[in-house]
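> with the sequence up front, the predicted model follows.
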Amino acid sequence: MSYLPIEDYGLIGNMHTAALVGRNGSIDWLCWPRFDAASIFARILDADTGGHFQIAPKSDGVTQRQVYWPDTNVLITRFVSDEGLAEVIDYMPVGLPEGHPAAGTVIRRVEMVRGAMPIRMECRPAFDYARASHRVQPTPAGGVFHGPTQSIGLAATLPVTADGPALTTTVALRRGETAAFALADADSALLDPETFSHDRERELFDATLDYWHRWLGRCTYEGRWREEVYRSALALKLMTYEPTGAIVAAPTTSLPESVGGVRNWDYRYTWIRDAAFTLYALLRIGFTEEAEAFIDWLEERCQDCGSAEGLQIVYDINGNACMPEETLDHLSGYRNSAPVRIGNAAAEQRQLDIYGELMDAVYLANKYHAPISYDFWQTLRGLLNWVCDHWDQPDDGIWEVRSGRQSFVYSKVMCWVALDRGLRLARKRSFPADRQRWLDTRDAIYHDVMANGWNASRNAFVQHYNSEALDASALIMPLVFFMAPNDPRMRSTLDAIMASPDDGGLRSGSLVYRYDQNRVDDGLPGHEGTFNMCTFWMVEALTRAGRTDPEALKSARLTFEKMLGYSNHLSLFAEETGSCGEALGNFPQAFTHISLISAAFNLDRTLNRESYGHVA
């Protein structure tokens, strides 16, 4: 099998784990039973040995299409040929009562809509990232795959056959006929022939549709880009780990930032930074329950760390701090992009910016959702004093470079944000606070950034002190109110970033690079694509400048509309976009969809003000 493009996948999930389903009807990535557990299907990381679960026609000349059932995370893969039209409907049941036999399962139904077509099913797991062998035990309702540490079962509404390490079947379906399959834990009642049936599958399907419609009905966004915002919200919900409220950065690991390169990372964890930005996006569009769960998760991390050590930047989905990085050398990687990594050594880095994102999120949650507790405030107070003690130290930066610590401008700005939001929150709630110390330190940071982060020869803020290189993270300055969007220094920085790389800038067409790799040593070989989140940040920076500059607002809207065209056929975004418009990096990426929601919200609001003279 050749590899599908990364953008040729859709996502299904149940807020415990998620699966990538290709246009070819193959589940090529699934960790079981949690996001950060070992994979049982990983063909996207090794086409030969990774494992897969495919349902597809045996016919030639078949056209493949994918759509989501409207306003849900139920995925439909269509196969169309002269012989007929078949649909594979994939979902994970959600919203079920505790103890329901279908909880934590993958349901796949194939239905012949028109004509007749032979359909082949092959389920071939590869346990423990394809490191463990297994045996197959046929059962009256399907079969069980027994691995060394876990077992999973396949229930089917028609007979299946053991074929070496796989269960297979081929069925000639005619119009109106269906076959259904359920992947479940080996001890699930679904494996009982009397439990899994066409009628039971339809009940699960209807319940899942109803759950997603009710959930999305809470969204308050009614702007110009409703479909894109809805899909982003649905994707973010799939990346939520329901038991703790954590959100993974992406449900995948080691999808490359450049094909054949080594920039392959495990994103199945929760970054403080991502969590904080997610909280902002969810609050903006009405999902207060998810925001509240995030605040609880953040509070637990803050209380666990102790103010003497500071926060770790990334945690696993249960809030644990240790995730050692290792390589899986037996896997070839996506299109031979090795190494495949699990775990993430970024957990050992220092990134001072996380305190700004944390405090901004807490400030907004306190303002727009519910007041924080006194005990949480006391913990935050200790962290803010830690920032006062450490803000002037070099760190590894937002981009997690592996070339050594620097005084990154973005990190300094976000330390300023941390103290600024702390002062605002203390004043609003009349909390006891070390106000004078925070105020003096906040102002010292501002002066320091202006003196050392500004490069007069570039006429722009640069990546770090004593640097000549631009960095797209400077676009955050007007978004967090560090700089006015029409301040001459901010406008000249924006203009510099918007220049093409040939002219020293970071923009290629409507897309934005994080930084120019010809000017920055980030400690890694190879190159990467444009960074989707940074493009949406540019849209927001232009939007804010557009409140006094109509041309900037026009540019913001055009850039946003063009950027939407780089999503895949399901409006999903990976981390990066390559030179040919291809998706690169882990997929889908939460941060990209967070920044899309924020850009859509603020751009729509500004356009309404320009059209009607007020903010809608």
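Yes, it's here. Numbering: from 1, shown residues only.
> CA only for contacts and neighbour counts going forward, please
OK.
> please give me every residue in contact with the nearest residue to Val136 once chain neighbours are set aside.
Excluding its sequence neighbours, the residue lying closest to Val136 (C-alpha to C-alpha, 6 or more residues apart in numbering) is Phe145, at 4.7 Å. With contact set as C-alpha atoms under 8 Å, 6 or more residues apart in numbering, Phe145 has these partners: 125, 134-137, 151-153, 186.
> domain boundaries for the protein, per the record?
For the chain, whose domains are defined here by automatic domain parsing, the residue ranges read 6-216, 226-612.
> which stretches of the stretch 101-250 of the chain form helices?
Under the criterion DSSP state H, counting those that start in this stretch, the stretch 101-250 of the chain contains helices at 127-130, 198-216, 226-238.
> for this protein, what's the longest strand?
In the chain, taking DSSP state E as the definition, the longest strand is strand 106-124.
> distance of the closest residue to Asn586 other than its chain neighbours relative to Leu283?
Leaving aside its sequence neighbours, Asn586 sits nearest to Leu255 (C-alpha to C-alpha, 6+ apart; 4.9 Å). As judged by C-alpha to C-alpha, to the nearest Å, Leu255 and Leu283 stand 30 Å apart.
> who has more neighbours out of these two?
More neighbours surround Leu255 than the other of Leu255 and Leu283, with 30 against 21 (other C-alpha atoms under 10 Å).
> okay, that one: pLDDT?
Model confidence at Leu255, expressed as pLDDT, equals 98.
> who's in contact with it?
Applying C-alpha under 8 Å, 6+ apart, we find Leu255 in contact with 45, 264-265, 333-334, 337, 584-587.
> name the SS class of the residue nearest to Asn586, please.
Three-state assignment for Leu255 (DSSP: H, G, I helix; E, B strand; the rest coil): coil.
> just send the contacts of Leu255 back as TSV, with secondary structure too.
Listed next are those as TSV, based on three-state DSSP:
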residue	secondary structure
Leu45	coil
Asn264	coil
Trp265	coil
Gly333	coil
Tyr334	helix
Ser337	coil
Leu584	strand
Gly585	coil
Asn586	coil
Phe587	coil
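> sorry, back to before: pull out the buried residues from the contacts of Phe145.
125, 134, 136, 151-153, 186 (16 or more other C-alpha atoms under 10 Å).
> among the residues you listed, which are in strands?
Residues of these located in strands (DSSP E): 136, 151-153.
> turn those into a markdown table, including pLDDT and distance to Ile476.
Below are those laid out as a markdown table (pLDDT from 0 to 100; distance: C-alpha to C-alpha, whole Å):
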| residue | pLDDT | distance to Ile476 |
| --- | --- | --- |
| Val136 | 97 | 53 |
| Ser151 | 96 | 47 |
| Ile152 | 97 | 46 |
| Gly153 | 97 | 48 |
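> and which of those residues is nearest to Thr543?
Taking C-alpha to C-alpha as the measure, Thr543 lies nearest Ile152 of those, at 50.2 Å.
> helices of the stretch 351-500 of the chain, residue ranges please.
Using DSSP H, counting those that start in this stretch, helices in the stretch 351-500 of the chain cover 354-368, 374-390, 409-429, 435-452, 476-479, 488-498.
> turn these into TSV, including distance to Pro97, mean neighbour count and mean pLDDT.
Output for those, formatted as TSV (distance: least, C-alpha to C-alpha, whole Å; neighbours: other C-alpha atoms under 10 Å; pLDDT from 0 to 100):
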stretch	distance to Pro97	mean neighbour count	mean pLDDT
helix 354-368	30	23	93
helix 374-390	32	18	95
helix 409-429	39	23	98
helix 435-452	48	16	98
helix 476-479	42	18	97
helix 488-498	51	20	98
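> residue ranges in this protein under the pLDDT threshold?
Low-confidence segments of the chain (pLDDT under 70): 1, 306-308, 611-616.
> quick check: longest helix of it.
helix 590-612 (DSSP state H).
> would you mark the buried spots in it?
In helix 590-612, counting by 16+ other C-alpha under 10 Å, buried: 590-608.
> output it as PDB, nothing but the C-alphas.
Presented in PDB, the C-alpha positions along helix 590-612 are these (Å, rounded to 0.1, in the frame of the first residue of the first chain):
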ATOM      1  CA  ALA A 590      -5.900  21.700  18.000                       C
ATOM      2  CA  PHE A 591      -4.000  24.900  18.000                       C
ATOM      3  CA  THR A 592      -4.800  25.600  14.400                       C
ATOM      4  CA  HIS A 593      -8.500  25.200  15.000                       C
ATOM      5  CA  ILE A 594      -8.300  27.300  18.200                       C
ATOM      6  CA  SER A 595      -6.700  30.100  16.200                       C
ATOM      7  CA  LEU A 596      -9.300  29.700  13.400                       C
ATOM      8  CA  ILE A 597     -12.100  30.200  15.900                       C
ATOM      9  CA  SER A 598     -10.500  33.200  17.400                       C
ATOM     10  CA  ALA A 599      -9.800  34.800  14.000                       C
ATOM     11  CA  ALA A 600     -13.300  34.100  12.800                       C
ATOM     12  CA  PHE A 601     -14.900  35.600  15.900                       C
ATOM     13  CA  ASN A 602     -12.800  38.800  15.900                       C
ATOM     14  CA  LEU A 603     -12.900  39.300  12.200                       C
ATOM     15  CA  ASP A 604     -16.600  38.900  12.000                       C
ATOM     16  CA  ARG A 605     -17.200  41.200  14.900                       C
ATOM     17  CA  THR A 606     -15.000  43.900  13.400                       C
ATOM     18  CA  LEU A 607     -16.600  43.600  10.000                       C
ATOM     19  CA  ASN A 608     -20.000  44.000  11.600                       C
ATOM     20  CA  ARG A 609     -18.800  47.100  13.300                       C
ATOM     21  CA  GLU A 610     -17.600  48.600  10.000                       C
ATOM     22  CA  SER A 611     -20.900  47.600   8.300                       C
ATOM     23  CA  TYR A 612     -23.400  48.700  11.000                       C
END
